[in-house]
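Student: Below is the sequence, then the predicted model.
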Amino acid sequence: MVELRSLSAACAERRQNSVCSGCGARAFSVCDSLLPEDLARLDAIAERMSLAAGDVLAREDDPAVSVFNITSGAVRVYKLLPDGRRQITGFLFAGDFIGLAAGASYAFSAEAIEDTTLCRFRAGEYRALARDRPSLEAALLDRAMHELAAAQGQM
């Protein structure tokens, strides 16, 4: 019986110390639609990171090795033009994912415009989890459809 209590205490401590517990962005990101066991799997592959204003998160044409979920702050997404200017293509906020598009490299650059915290996932692990967990895959598809509709509305 002592082992069960120890195991329960260890599980409770893990939940308290998890990246996902207490996340302010969870309620308005794809994470909100996940089943508890799917959220636990996502938490297991998450790595918390912080950026200061002006820090670059991703550079256009760099290998797309990570997927990010903004948990606080804001990120500017842009494309570099041939003459060196940058064309801002959007702003992302808490709950938004970055780097989900399939491809070997990032098709954009992204930088923090204020102090920002994110969850970082290795792209291969994240995509494998999405394939294995229908609730995550469905939530990502729903998010992508909303983003596509918003982009089409701006054209």
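Tutor: Received the coordinates, thanks. Numbers count the residues shown, from 1 in each chain.

Student: and after the host helix or strand of residue 91, which helix or strand comes next?
Tutor: For residue 91, the host element (DSSP states H and E) is strand 86-93. Remark: after strand 86-93, the chain's next helix or strand is strand 97-98, criterion DSSP H and E.

Student: Give the pairing partners of that following strand; include direction for each.
Tutor: strand 66-72 (antiparallel) (DSSP bridges).

Student: For residue 130, pull up the helix or strand it's in.
Tutor: Assigned by DSSP H and E, residue 130 belongs to helix 123-132.

Student: Quick check: the most centrally placed residue in the chain vs residue 32, distance?
Tutor: For the chain, the residue nearest the mean C-alpha position is residue 69 (1.9 Å; C-alpha atoms, centre = their mean). Computed with C-beta to C-beta, to the nearest Å, the distance linking residue 69 and residue 32 is 12 Å. Any C-beta I mention is one placed from the backbone N, CA and C, and that applies to glycine too.

Student: how many neighbours does residue 54 have?
Tutor: A count of nearby residues for residue 54, using other C-beta atoms under 10 Å, gives 9.

Student: which ones are touching it?
Tutor: Residue 54 makes contact with 111-113, according to C-beta atoms under 8 Å, 6 or more residues apart in numbering.

Student: circling back to that earlier point, can you name the residues that contact the residue nearest to the centre of the chain?
Tutor: So residue 69 contacts 25, 29, 31, 95-98, 118-119, 121 (C-beta under 8 Å, 6+ apart).

Student: how about the strands of the chain, start to end?
Tutor: With DSSP state E as the criterion, the chain has strands at 47-51, 56-58, 66-72, 74-80, 86-93, 97-98, 109-112, 116-122.

Student: got a list of contacts for the second one?
Tutor: Put plainly, it is strand 56-58. Residues contacting strand 56-58 (C-beta under 8 Å, 6+ apart): 51, 64, 66, 68, 75, 98-99, 106, 108-112, 118.

Student: ditto for the fifth one
Tutor: For strand 86-93, the surrounding residues in contact (C-beta under 8 Å, 6+ apart) are 70, 73-81, 98, 108-110, 113.

Student: One more pass at 10 Å, please.
Tutor: For strand 86-93, the external contacting residues (C-beta atoms under 10 Å, 6 or more residues apart in numbering) are 25, 28, 57, 60, 68-70, 72-81, 96, 98, 107-111, 113, 116, 118, 147, 150-151, 154.

Student: Fine, thanks again, bye for now.
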